[in-house]
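A.B. asks: sequence and computational prediction follow.
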Amino acid sequence: MRISVINNLHYSVFNYIKLPNSFKINQHSIYDKKEKYLFFKYKELLLLLINYKKLLKDDILYINYALYSIFTIYSQKTVVHCYGSDVRGIEDFNYIKKFFIKFFLKRANIVFYSTPDLFNHIKNINRNCHLIPQPIPQEFFRNYPLIINKKLKVLFISRYHPTKGWDVLKSVVSELGDNTNFEIFCYKDENSEIYKSLVKLNKNIHFFDIQNYKEMPDFINEFDIVVGQVKLGVIGRSEVEALALGKPLISFINKSFYAQHDSPPIYNAKSCNQIVHLIDKIYVRDIIYNPEKGKKWAHKYFNHFSVSEKLLRILENNM
């Protein structure tokens with residue numbers, strides 16, 4: 001079976017999974033380096049449709065990112081994989097974008113989604129939808145050396161996005177920034193108003209640039225605690241990577257999203273007081289974290305073997 005894959009940036013499970021040799025994967029990247037974000041103008045999409053038509057002659061067309069579901073017009077057997085902001089809150093999109101995405105998602109034979117909360121956004125558009133998470137590369141499951149820091153290093157790993165709860169996290173960073181026992185690290189994004197406000201705090205806060213993905217395991221391993229999103233109710237790929245590395249993760253999950261399997265072994269918190277209290281507890285060792293719990297959970301649901309097996313089973317049953 002031959003699969004044509006439409007990619008944007010790193011949005012492709014096929015970068016990290018392995019299918020049997022009977023499957024031939026032809027990946028096509030449509031990322032334009034001139035574009036700052038993941039969205040193209042509709043005129044540019046039409047040009048992409050014309051340019052890529054000759055390439056898309058395989059048995060299955062696998063489209064990463066809902067915006068590019070327009071490519072479903074080229075094939076009778078199509079899969080669209082949604083990753084988050086492409087469908088999350090779709091009812092609040094402008095009319096044209098909402099109509100556009102809904103229309104082409106309905107055309108797809110299968111819709112995959114990468115985090116459990118997305119089911120609520122997709123189920124009424126296309127009922128043949130399934131959870132296929134972004135698998136974690138094997139590098140995150142290796143044994144990395146234990147690093148002992150003089151001060152507790154806390155990594156705030158989430159992007160400055162409204163769904164991540166930075167209205168709360170900003171207060172956490174401000175409070176921890178006054179404590180000389182901690183070193184606080186946040187993402188550097190000079191276009192973000194949240195980043196600018198954190199810089200103005202003039203406290204004990206360090207900012208890190210975007211990391212080369214191959215260097216992420218070593219980068220995350222340097223920290224004692226990782227803080228993720230505290231609003232969305234599900235953990236994303238970066239947070240799962242922290243668990244895979246055995247790091248204590250403070251984040252917020254809505255357990256109803258994880259009803260079909262085990263909830264992730266995290267410290268569940270969503271308020272400033274809860275988060276600061278947990279970090280203090282870990283610092284004075286009132287809480288002793290077992291890193292094996294996070295590693296086992298991440299490996300069970302996110303290693304490329306289990307994701308490949310599930311994806312293959314769904315394709316074979318539906319195509």
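C.D. replies: That came through, no problem.
A.B. asks: the helix or strand containing Phe112 pairs with which strands, and in what direction?
C.D. replies: Assigned by DSSP states H and E, Phe112 belongs to strand 110-113. Strand 110-113 pairs in its sheet with strand 78-82 (parallel), strand 129-131 (parallel), by DSSP bridges.
A.B. asks: show me what contacts the residue lying closest to Asn128 once chain neighbours are set aside?
C.D. replies: Closest residue in space to Asn128, ignoring its immediate chain neighbours: Ile110 at 5.4 Å, by Cβ to Cβ, 6 or more residues apart in numbering. For glycine as for every other residue, the C-beta is placed from the backbone atoms N, C-alpha and C. By Cβ atoms under 8 Å, 6 or more residues apart in numbering, the residues touching Ile110 are Thr78, Val79, Val80, Asn128, Cys129, His130, Ile314, Leu315, Asn318, Met319.
A.B. asks: show me how this structure divides into domains.
C.D. replies: 2-135+303-318, 138-300 (automatic domain parsing).
A.B. asks: in JSON lines, list those along with mean pLDDT.
C.D. replies: Formatted as JSON lines, the domains of the chain follow (pLDDT from 0 to 100):
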{"stretch": "domain 2-135+303-318", "mean pLDDT": "81"}
{"stretch": "domain 138-300", "mean pLDDT": "92"}
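A.B. asks: can you check what angle separates the longest helix along the chain from strand 78-82?
C.D. replies: Using DSSP state H, we find that the single longest helix of the chain is helix 304-318. On the basis of axes from the mean of the first three to the mean of the last three Cα atoms, to 10 degrees, helix 304-318 is oriented at 140 degrees to strand 78-82.
A.B. asks: show me which residues of helix 304-318 are buried.
C.D. replies: Within helix 304-318, the residues scored as buried using 16 or more other Cβ atoms under 10 Å are His304, Val307, Ser308, Lys310, Leu311, Leu312, Ile314, Leu315.
A.B. asks: and if you look at stretch 261-279?
C.D. replies: Buried, per 16+ other Cβ under 10 Å, within stretch 261-279: 264-270, 272, 274-276, 278-279.
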